[in-house]
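Chemist: Return a 3D structure for these sequence lines:
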Amino acid sequence: MFPLRVACYALGAILHLALAAVYFGMGVAWAGAMNLVSTGAFLIGLVFLRAGRAKIATAFGWLEVLIHVSLFTVLTGLETGYLLYIGVLLVVPFSVFRSSVGHERWTRRLLVVAGVALTIALPLVLRSRPALWPLEAWQAQVVSVLNLLNVVVALVAIAYYTMWVTDRAEANLAAERDRSETLLLNILPPQIAEQLKAQPGTIARHYESVTVLFADICGFTLLSARISSQELIEMLNEVFSEFDRLAARHGLEKIKTIGDAYMAACGLPEPSEGHAAAVAAMGLDMAAAIKAYAERHQVELDIRVGIHTGPVVAGVIGVNKFAYDLWGDTVNTASRMESHGAPGRVHLSKSTRDALGEAFELEARGVIPVKGKGEMETWFLAPRS
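Modeler: Prediction:
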């Protein structure tokens, strides 16, 4: 609450300066001079605050308030209303000092106790004793009214400033929360993010039928040896950003990127019909996007895409750096479809071919040996004309 402390010290200097002007105007020079000294004390407190010496500034300022209130009450009498400033002394600590910081919590308690003690002790001591330097009746009335106005102005200003600071803090907190929410939604599907916020822990769900896509950029390794790291990152960013747009268009869930490989799936986190067709269309669009990029930048790039349909387990595991991922033989088979495919082609397993039906034109590849899977009958999607 450093800005609030600065505001309090600035306000204290202004109010004491106003009192000094009134006293000089009424011909009470000694009181005017003492208020000028108090004005200087608050200005010195501001200097300490700006220098980062908050503890010294706090002690300096509040000692001034205690001494000023006590001294003027003893000198001019209770009727001048200086004890009203104890109200400010009791309110401000709750706005300025943070209860979560040990030394500030104890400073707040000390100031409140001192204010209450002063409010009780001074009337008891002075009720049977005359003021040492009493003012004339009209002067005492002017000072009491001015002190009342000063206290009201101080309390209203502090309350308004505290509300402003609180509103600003809440707005900043809401903005940070929105940014965190956006980041979380960029990492996890919305449904999974909500579930994770409501019930932290392992999230896993079995899906009976999902279509998984793997894509790998051909020629990336050779190209990376010829261009700078900055150009490489810019290339991947442009290509993968286009893939992200295609995934959003076709309703796929991007799972992750691994180097120059891209993984996505459809049919989760909410089951959906037609997920195989959506992934097939995505694969064709990815091949077209890479071709267009290669022509636009005059580079030799292509892509292999592999697709497989089947059951998976999907979810989030671990306690930090959350990532939504898939597990199961379907994932492994989709990866094999990619690695055993051909540049510029979308390679399908039999299960995906069966799920597509007659929606796409296919080219039978026949039976091929697949690492870790044995012999499999596979197909290519016919390129778009």
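
Chemist: For His206, what are phi and psi?
Modeler: Backbone torsions for His206, taken as degrees, to the nearest 10, come to phi -90, psi 140.

Chemist: what's the helix or strand hosting Leu246 packed up against?
Modeler: Per DSSP states H and E, Leu246 falls inside helix 229-250. For helix 229-250, the elements it packs on are helix 220-224, strand 253-258, strand 261-266, helix 275-297, judged by 3 or more CB pairs under 8 Å, 6 or more residues apart in numbering; DSSP states H and E. All C-beta atoms are positioned from the backbone trio N, CA, C, and that covers glycine.

Chemist: Can you point out the buried residues in that helix?
Modeler: Neighbour-count burial for helix 229-250 flags Leu232, Met235, Leu236, Val239, Phe240, Glu242, Phe243, Asp244, Leu246, Ala247, His250 (criterion: 16 or more other CB atoms under 10 Å).

Chemist: Could you check how far it is from the centre of its chain?
Modeler: Remark: helix 229-250 is offset 26 Å from the chain centroid, using CA atoms, centre = their mean, to the nearest Å.

Chemist: What of stretch 204-219?
Modeler: 32 Å.

Chemist: ditto for stretch 145-157
Modeler: Here stretch 145-157 is found 38 Å from its chain centre; the criterion is CA atoms, centre = their mean.

Chemist: contact partners of it?
Modeler: By CB atoms under 8 Å, 6 or more residues apart in numbering, the residues outside stretch 145-157 that reach it are 7, 11, 15, 18-19, 22, 80-82, 84-85, 87-88, 91.

Chemist: how does it look with 7 Å?
Modeler: Stretch 145-157 is contacted from outside by Leu11, Leu15, Leu19, Val22, Thr80, Gly81, Tyr82, Leu84, Tyr85, Gly87, Val88, Val91, using CB atoms under 7 Å, 6 or more residues apart in numbering.

Chemist: just checking, which of those belong to helices?
Modeler: Under the assignment DSSP state H, these contribute Leu11, Leu15, Leu19, Val22, Tyr85, Gly87, Val88, Val91 to helices.

Chemist: measure the second one to Ala21 for me?
Modeler: Spelled out, that is Leu15. Distance, Leu15 to Ala21, by CB to CB, to the nearest Å: 11 Å.

Chemist: More neighbours: which of these two?
Modeler: Neighbours per residue (other CB atoms under 10 Å) separate Leu15 from Ala21, with Leu15 holding more: 24 against 13.

Chemist: So for the more buried one, what's the nearest residue that isn't a sequence neighbour?
Modeler: Spatially, and ignoring its direct neighbours in sequence, Leu15 is nearest to Asn150 (4.8 Å; CB to CB, 6 or more residues apart in numbering).

Chemist: count of residues packed around that neighbour?
Modeler: With other CB under 10 Å as criterion, Asn150 counts 21.

Chemist: What separation do you get for it and Leu356?
Modeler: For Asn150, the distance to Leu356 - CB to CB - is 82 Å.

Chemist: and if you look at His347?
Modeler: Distance, His347 to Leu356, using CB to CB: 13 Å.

Chemist: Have a look at those two and say which one is more surrounded.
Modeler: The residue with more neighbours, out of His347 and Leu356, is His347; 26 against 21, by other CB under 10 Å.

Chemist: Parallel or antiparallel, which strands does the host helix or strand of that one pair with?
Modeler: Counting by DSSP H and E, the element that carries His347 is strand 346-348. Here strand 346-348 is paired, per DSSP bridges, with strand 302-316 (parallel), strand 374-381 (antiparallel).

Chemist: Name the residues of the shortest one that are buried.
Modeler: If you call a residue buried by 16+ other CB under 10 Å, then strand 374-381 has these buried ones: Met376, Thr378, Trp379, Phe380, Leu381.

Chemist: now the last one, nearest residue through space, not along the chain?
Modeler: Excluding the flanking residues, the one nearest Leu381 by CB to CB, 6+ apart is Val346, at 4.1 Å.

Chemist: Would you enumerate the residues in contact with that neighbour?
Modeler: By CB under 7 Å, 6+ apart, the residues touching Val346 are Ala280, Gly283, Leu284, Ala287, Val305, Ile307, Phe380, Leu381.

Chemist: one more time with 8 Å, if that's ok
Modeler: Ala280, Gly283, Leu284, Ala287, Val305, Gly306, Ile307, Phe380, Leu381.

Chemist: residues contacting the closest residue to Val151 other than its chain neighbours?
Modeler: Distances taken as CB to CB, 6+ apart place Leu84 nearest to Val151, at 4.5 Å, with adjacent residues excluded. By CB under 8 Å, 6+ apart, the residues touching Leu84 are Asn147, Leu148, Val151.

Chemist: distance of the residue most central in space within the chain from Leu188?
Modeler: Centroid-nearest residue in the chain: Glu176, 2.2 Å away (criterion: CA atoms, centre = their mean). The spacing between Glu176 and Leu188, counted by CB to CB, is 18 Å.

Chemist: And for Val153?
Modeler: From Val153 to Leu188 the distance is 52 Å (CB to CB).

Chemist: And stretch 47-56, what's buried?
Modeler: Phe48, Leu49, Ala54.

Chemist: Dump the helix holding Leu246 to CSV, restricted to CA.
Modeler: The C-alpha trace of helix 229-250 is given here as CSV (Å, rounded to 0.1, in the frame of the first residue of the first chain):
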residue,chain,number,x,y,z
SER,A,229,17.6,-21.2,-35.5
GLN,A,230,15.4,-18.0,-35.6
GLU,A,231,14.3,-18.8,-39.2
LEU,A,232,13.6,-22.4,-38.1
ILE,A,233,11.4,-21.4,-35.2
GLU,A,234,9.6,-18.9,-37.4
MET,A,235,8.9,-21.6,-40.0
LEU,A,236,7.6,-24.0,-37.5
ASN,A,237,5.4,-21.3,-35.9
GLU,A,238,3.9,-20.4,-39.2
VAL,A,239,3.3,-24.0,-40.2
PHE,A,240,1.9,-25.2,-36.9
SER,A,241,-0.2,-22.1,-36.5
GLU,A,242,-1.9,-23.0,-39.8
PHE,A,243,-2.4,-26.5,-38.6
ASP,A,244,-4.0,-25.1,-35.4
ARG,A,245,-6.4,-23.1,-37.5
LEU,A,246,-7.2,-26.2,-39.6
ALA,A,247,-7.8,-28.2,-36.4
ALA,A,248,-10.2,-25.6,-35.1
ARG,A,249,-12.0,-25.6,-38.4
HIS,A,250,-12.5,-29.3,-38.5
